[in-house]
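Novice: fold the following, please.
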Amino acid sequence: MQVFCRSRMHSRVVTIGGHRLEGSVAMPEHAAGVVVFAHGSGSSRLSPRNTAVARDLNARGFATLLFDLLTELEAEDRSNVFDIELLGKRVGEAVLWARRSPQLESLPIGLFGASTGAAAALVAAANAPEEISAVVSRGGRPDLAGAFLPLVRAPTLLIVGGADLGIRELNEQALEELTCEKRLDIVPRATHLFEEPGTLEVVVDLAASWFRAHMMAYMGTKL
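Specialist: Here you go, the predicted structure:
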């Protein structure tokens, strides 16, 4: 994994949308873009793996937004946890919030989804094709985005653990449905949570390269 110098960071707690979803923003100086995280079922904005990925992306010059997709009351209903269209709308609300934030409004936006959050990120990207510069899925279930997959225009990277049995096949199926620029990367020996030594670092390397390349391309189209 590459080593980067940490610039001065600005962090704050925020509330998003009419449901006042709790979130946290971290922003380095001269950020290259902002990455909005969509966590998976049974997790929250405090997901240790997503927060670890976010810190590493911050060190590489990206702002990050982690937030809860559901209120505490909504999360008690398990059907909401797997309501991909609802979760996709919440990711869309976070994108709108970022677009209206004075600190973030001019930055290209990328989406990083894990598990079911990957499907939610793809639904949000399909619903806002002009706003999203890139999507990355980590150990995701992009197949759950269903009919939204062919509507995604943002370049999409699917990252899967080589030992994550069954998930690789589901990602391969989703890859076939995507009509945007796309790629599937397999991390050897990694299981679903990328707990094996060095595997999460590989995820960060892949995600950062994907975001930087496509955020630069996105900004080029705006000039």
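Novice: now for Pro150: which residues touch it?
Specialist: Going by CB atoms under 8 Å, 6 or more residues apart in numbering, Pro150 touches 177-179. All C-beta spots, glycine's among them, are computed from the backbone N, C-alpha and C.
Novice: same check, this time on Leu66
Specialist: 23-24, 37, 39, 45-47, 50-51, 54.
Novice: quick one: those residues as TSV, columns for neighbour count, distance to Val152 and pLDDT too.
Specialist: Shown next, in TSV, are these (neighbours: other CB atoms under 10 Å; distance: CB to CB, whole Å; pLDDT from 0 to 100):
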residue	neighbour count	distance to Val152	pLDDT
Gly23	22	24	91
Ser24	17	27	93
Phe37	28	18	97
His39	25	20	89
Arg45	18	24	71
Leu46	12	28	72
Ser47	19	23	77
Asn50	23	21	88
Thr51	17	26	91
Ala54	23	23	95
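Novice: of those residues, closest to Asn80?
Specialist: His39 (13.6 Å; CB to CB).
Novice: what separation do you get for the closest one and Phe194?
Specialist: 14 Å (CB to CB, to the nearest Å).
Novice: which residue ranges form the strands in this protein?
Specialist: 9-16, 21-28, 34-38, 63-67, 109-114, 132-138, 156-161, 182-187 (DSSP state E).
Novice: dump those into a markdown table; add distance to Gly146 as well.
Specialist: Below are those laid out as a markdown table (distance: least, CB to CB, whole Å):
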| stretch | distance to Gly146 |
| --- | --- |
| strand 9-16 | 25 |
| strand 21-28 | 24 |
| strand 34-38 | 16 |
| strand 63-67 | 24 |
| strand 109-114 | 15 |
| strand 132-138 | 15 |
| strand 156-161 | 15 |
| strand 182-187 | 16 |
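Novice: and the helix of greatest length in the chain, what other elements does it pack with?
Specialist: Identified as the longest helix of the chain according to DSSP state H is helix 199-222. Contact analysis of helix 199-222 by 3 or more CB pairs under 8 Å, 6 or more residues apart in numbering; DSSP states H and E lists helix 48-59, strand 109-114, strand 132-138, strand 156-161, strand 182-187 as its packing neighbours.
Novice: including distance to Val203, could these go into JSON lines?
Specialist: Shown next, in JSON lines, are the helices and strands packed on helix 199-222 (distance: least, CB to CB, whole Å):
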{"stretch": "helix 48-59", "distance to Val203": "7"}
{"stretch": "strand 109-114", "distance to Val203": "10"}
{"stretch": "strand 132-138", "distance to Val203": "5"}
{"stretch": "strand 156-161", "distance to Val203": "6"}
{"stretch": "strand 182-187", "distance to Val203": "7"}
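Novice: deepest-packed of the ones you listed, please.
Specialist: Across these, averaging neighbours per residue (mean count of other CB atoms under 10 Å) puts strand 109-114 on top, at a mean of 30.
Novice: quick one: mean pLDDT for that strand?
Specialist: Averaged over strand 109-114, pLDDT sits at 97.
Novice: hmm, Trp97 is touching Val14, no?
Specialist: Yes - between Trp97 and Val14 there is a contact under CB atoms under 8 Å: 7.5 Å.
Novice: what touches both of the two?
Specialist: Leu65.
Novice: the more surrounded of the two?
Specialist: Trp97 (20 against 16; other CB atoms under 10 Å).
Novice: cheers, nothing more for now.
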